[in-house]
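Colleague: Quick one, structure for this:
(chains A and B)
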Amino acid sequence: MNSSLSPSPLALCDVSRRSFCEKWAKASLGVTVLHGLGGKVLAETGGPGFGKAKNVIFLQMIGGMSHIDTLDPKEGPTQGPKTPISTKAGFQLGGTMENLAKHADKVSIIRSMTSKTGVHASGQYLIRTGYEQRGTIQHPNIGAWAQHFKGNSHKTLPSSVCVNRQPNAGNGFFPASFSPLPILDPDAGLQYAQSDASPDVMQKRLAMLDKLDAGFRERFQTASVKSYTQFYEKTVAIMSSTDLEAFQLSDEPAALREKYGQNKFGQGCLLARRLVEKGIRYIEVAKGGWDMHNNIEEGLEEHGAELDVALSALLDDLKERGLLETTLVVLCSEFGRGPKINGNAGRDHHPKVFSTLLAGGGIKGGFIYGASDKEGMAVADKQTSPQDFLSTIGWSLGLPVDEVVMSPSNRPFTVGDKGKPVMELFA
Amino acid sequence: MKTRLLFSFACALLSTSLRAEPATAAPDGNTVYRTWADAQGRKLEATFRGIESGQIFLQVRNGYVYRIPLDKLSPADQEAAKTLKPEGLGIPADPNLAQAAAQIDMLVNAGLAKAGQKPNPLASDEQFVRRVYLDIAGRIPTREEALEFINDTSLSKRAKVIDRLLASDGYNSHLFNYFADMMRVADVAQKARFYTYQDWLKGQIADNVSWDKIVYSMMTADGRLLDNGATGYLLRDAGMRLDNLSLTLSTFLGANVSCAQCHDHPFADWTQRQFYEMASFFGATETFGTRGSKGYGMQNMRKVLASLDDRRLQQQAKNLLRVNAMAVDDGEENDLKLPDDYKYPDGKPGDLVKPKLVTWSDTKNTKAYQNVETKKEEDLRAQFAKWMTSPDNPRFAMTIANRLWKRAFGLGVREPVTDLDDVDAAVNPALLRHLGAEMVRLKFDLKQFMRVLYNTQTYQREATSHEMADSGPYLFPGPVLRRMSAEQAWDSCATLVVGSDVDKFKAHRGATYSKVMSIDLSSDASPDAVKAQIENAVAAMRQYGGANGGNPKNNAKKKRMMARQAAAADGDDSIEVAPPVRDGLVLARASELPQPEKDQHFLRMFGQSDRQIADSSSDEGSIPQVLMLMNGEAQKVIGQNDSLVIQTASAQKTPEQQVESLYLSFFSRKPKPDELADAVAALGNGITSRDLSWVLFNTREFVFVE
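Modeller: Predicted structure coming up:
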């Protein structure tokens, strides 16, 4: 191990920026002055696209989605297994995106995303929260931020749901009740919402539960015990909700279920649409299988196709129901994959440049923002960070993205960690 | 024996009398020192730890415990011993163990004292027995097991229950769960089943193979997954040697290098070049495909495959080929090169990289670095493994020691446990270094190491009840209050229903799977013979279903069938009995169920790792999880009449005894007077013991470990 810090330019930006800001906040302004500084002004003036989205469907590809084979196709030796497809919007998509190509007029693509980490877990954390993973604090996802600024989106159901993934403390430093409700299997929906005991017996049980556990709760007033107590309160409320059918995919017509694709991601997207209709603000749907180090052709045949079918069906469905105007759909991944096909016919991690997609919620259709270079190796134009990407989502939701919020440990945070919303994306 | 004891008595007298430490510097928080005298008038300054079977236990300042026949003491001291209250709670009969534990206590207490903090009070027997069962055996004690401990009056009962649990099947199961999360052990990876890997790992744990040997075996394993389960670690990431190495370094050496895979580490000292130099030790190792020198007869199989005319059979045979081809093999060429986007001045993209071991800035002891031979390419892995698992490696012992500490206390001395680059940044660096040294002294015997940890007074203190974030670094005044892991919770549910029998069932899936899938591809096998083998294997394969299982009931049936077959194959009568199934739940220990379980299973809903990311089990709550606890199968099965906890309670005569029985089963304690009164009143008011079991199951007290 060398004894001095490396001279890499990457070494500087994030850490130094953050610690600078923290010190600055403490030393010169004090937290109360910072709080609410710019947010109010923004909220009043707004701007293009501000607050257009009432809901967000956040599609997160787990494992590192190859940008070259999906949203940013290349020709020549880096092309990959399939030839690019032309679209009516005038740009091309990767050969796997047959169906999406027909919806190119509805979407914007950022082709100049860049990130500093090629490690799955930390990359996933970053693209979800805008912050680097730290041992000392959990950062909220955008759903929790929205709940903080705008309150609950539904009377009894939670404001955020995550499908095909664990919540991973998506509430961050906000209360546990801001954590997204996980649906690990969309077909099964929200299980166990019915008690096998009669309402009368359940009442008695709950009263006893409160009584007999009081001593323990009194003795151990830790955050984790308190958060369990909150989950119990929230759960009892949900059990009496009249909107539980939001989670029942069996109510959807068979043909529509087929259209989204009979797989967890397809059904997850359909569930997301149902939840949007019911007034749930922030829905994350995850899809694994993208870590295609080996045999990327086979991987794309399965996972690329599943994404293509489900996303296309989702855009169609939202449009038909008049929900696309008020629903922002985004597609992202922790990083892209390298231009070079490796010895195992796969591609390796590539955070240096990759792509994301946005649609609805005031976003332009048929628009490409930024560019990668000829091989898809590096950013060529309009570099965009995960922070910018998440700030754009926050902007679309009408969140005061530069308002500093203090965590309970008294550290300053903002939606998207001081990223800049990409204003050109908004119509 | 007697003379030796008296002789050491004299030595202790000598050594202790030379030191003039204040009475507050007691080894493990004990404060009352007294000068004891034997019949000859020789003196010893020590705390009184108790009397058992005519022996008095006296602990001197360095932690050593003397056992002295009571009648050797002066008459006055014999009298004093009868009236004095023993310090601390019990004592291990083994003086060396007591001393090793006391040394840790001393370091913890020194850290607390420096920060002006005090250790927590000692835990009660009830708190201790529940915690120690969960921590060592991975499940709550049954009512009988709890009572047996609580009613035991012997002085060394805590040490004894620790010994018994460390020798139990539950210990093996629980430690397997920990490693399974740490190393992402999954039934299915790379479209093959990793059963032989699991069986191998379980075997290593059951035989208490030392940690250095286990890790060495995984790093150097050769051959097919079907024949050698130890290859599973490298094959888990077949074709992804950089990812695999990144995990290896952080998991086993606490080297936070993952960033350096793509660029120089932004905050630590690691460079990308260093990462590639380490990866170069695996540069001649083949884990994907059949390019290795031996090839395992795959060419032969490919030919046969091409000749199959049934397409479905061909597809299935392809999968079979893939499984048979899963192998680790060393070639003669090290092909590790710098990546295409390498941007530092010390190399160009595509440059071949020579293997070179990393050092840490505090690497003073260089013994592990001597005699590392990097000339023979096929030997590189072994050289790396030798260095990595050496007692002189600067981080290997410390990393596993810190991990096991976290397992016992809820937090590492240094967090995260995957980053020990800066030892001095630990909350108690002296403690961390000592734990590493202990691991080396104990020759990487994990069980022995845990025995020391669990015998410390620090472990045997009450769990910390205040919120840790509020009070700066956690210095271990006692263990942290923890939520049960998914596996602990599940195994505890099963214990409530079937009792300690839950530990009996063992799945040995590896042998059966290997037998079914293995194709003899020796070059002299005729194409027809190979084809016949393929057809047989494909037929047998169907019973394993697809990667995603099928419906749970069929799976349970399938599992039982496989268990029986495995038992028959092993000629092992003890596992003839399949695990009980109630309402679709297979009541076996989590370690014997699919790895990981299906998404909707209790285990996953309660936070079992998906085995995609290392150390990713979760102790978060969620609404679906609470719905499951309130309305799912587990509460139902626990509350049914055929459940042990209900049967035991029903057999009691009075409502008071019923409530007490339930409390002992769920919490390993008797109810407090007001709890008893409330519960008895409820039983008389339309609440059944089933309802009461629902209530206790849903308390925070049940899912948290005090």
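Colleague: Return the residues in contact with B:S689.
Modeller: B:646, B:649-650, B:658, B:662, B:683 (C-beta atoms under 8 Å, 6 or more residues apart in numbering or on different chains). Every residue, glycine included, has its C-beta placed from N, CA and C.
Colleague: Can you give me the distance of it to chain A?
Modeller: From B:S689 across to chain A, the span is 12 Å (C-beta to the nearest C-beta, to the nearest Å).
Colleague: Kindly report the same for B:A189.
Modeller: Taking C-beta to the nearest C-beta as the measure, B:A189 falls 12 Å from chain A.
Colleague: What distance do you get for the closest residue in space to that residue that isn't next to it in sequence to B:N177?
Modeller: In space, and not counting its chain neighbours, B:A189 is closest to B:R236: 5.4 Å by C-beta to C-beta, 6 or more residues apart in numbering or on different chains. Using C-beta to C-beta, to the nearest Å, one gets 17 Å for the distance from B:R236 to B:N177.
Colleague: More neighbours: those two, which one.
Modeller: The neighbour comparison of B:R236 against B:N177 (other C-beta atoms under 10 Å in any protein chain shown) goes to B:N177, with 26 against 23.
Colleague: so does the host helix or strand of A:E306 get close to chain B?
Modeller: Per DSSP states H and E, A:E306 falls inside helix A:305-320. No: using C-beta under 8 Å from any C-beta of the partner chain, helix A:305-320 stays clear of chain B, coming no nearer than 14.0 Å.
Colleague: So which bits of that helix are buried?
Modeller: By neighbour count on 16 or more other C-beta atoms under 10 Å in any protein chain shown, the buried set for helix A:305-320 is A:305-319.
Colleague: nearest to chain B, of the residues you listed?
Modeller: If you rank the buried residues of helix A:305-320 by distance to chain B using C-beta to the nearest C-beta, A:E306 comes first, at 14.0 Å.
Colleague: What separation do you get for the closest one and B:V353?
Modeller: Using C-beta to C-beta, we find A:E306 at a distance of 37 Å from B:V353.
Colleague: give me the low-pLDDT residue ranges for the stretch 1-150 of chain B?
Modeller: Along the stretch 1-150 of chain B, the parts satisfying pLDDT under 70 run over B:1-31.
Colleague: Which secondary structure element is home to the closest residue to chain A within it?
Modeller: Relative to chain A, the nearest point of the stretch 1-150 of chain B is B:Q127 (11.1 Å; C-beta to the nearest C-beta). Using DSSP H and E, B:Q127 falls within helix B:125-132.
Colleague: which residues sit against that helix?
Modeller: B:89, B:123, B:140-141, B:145-146, B:149-150, B:158, B:161-162, B:165, B:454, B:460, B:462-463, B:479, B:667-670, B:705-706.
Colleague: which among these are in contact with chain A?
Modeller: Among these, chain A is touched by B:463, B:706 when using C-beta under 8 Å from any C-beta.
Colleague: Which of the contacts of helix B:125-132 fall in strands?
Modeller: Using DSSP state E, the members of those that fall within strands are B:V705.
Colleague: Which of the contacts of helix B:125-132 fall in helices?
Modeller: Using DSSP state H, the subset of the contacts of helix B:125-132 located in helices is B:145-146, B:149-150, B:158, B:161-162, B:165, B:454, B:667.
Colleague: Could you list which of the contacts of B:S689 belong to helices?
Modeller: Of the contacts of B:S689, the ones assigned to helices by DSSP H are B:646, B:649-650, B:658, B:662, B:683.
Colleague: can I get those residues in a markdown table with distance to chain A and neighbour count?
Modeller: Formatted as a markdown table, the ones in helices among the contacts of B:S689 follow (distance: C-beta to the nearest C-beta, whole Å; neighbours: other C-beta atoms under 10 Å in any protein chain shown):
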| residue | distance to chain A | neighbour count |
| --- | --- | --- |
| B:I646 | 15 | 24 |
| B:A649 | 15 | 24 |
| B:S650 | 18 | 12 |
| B:Q658 | 14 | 21 |
| B:L662 | 11 | 25 |
| B:L683 | 10 | 17 |
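Colleague: A:V404: which of those is nearest?
Modeller: Closest approach to A:V404 among the ones in helices among the contacts of B:S689 (C-beta to C-beta): B:L662, at 50.9 Å.
Colleague: count of residues packed around the closest residue to B:T271 other than its chain neighbours?
Modeller: Leaving aside its chain neighbours, B:T271 sits nearest to B:D264 (4.7 Å; criterion: C-beta to C-beta, 6+ apart). B:D264 sits with 23 neighbouring residues when counted by other C-beta under 10 Å.
Colleague: what's the distance between B:D264 and A:G90?
Modeller: Between B:D264 and A:G90 the computed distance is 40 Å (C-beta to C-beta).
Colleague: In the stretch 301-427 of chain A, where is pLDDT below threshold?
Modeller: In the stretch 301-427 of chain A (pLDDT under 70), no residue qualifies.
Colleague: So which residues on it come close to chain B?
Modeller: Close to chain B, as judged by C-beta under 8 Å from any C-beta, the stretch 301-427 of chain A has residues A:338-340, A:344, A:346, A:348-349, A:351-352, A:377-378, A:408-409.
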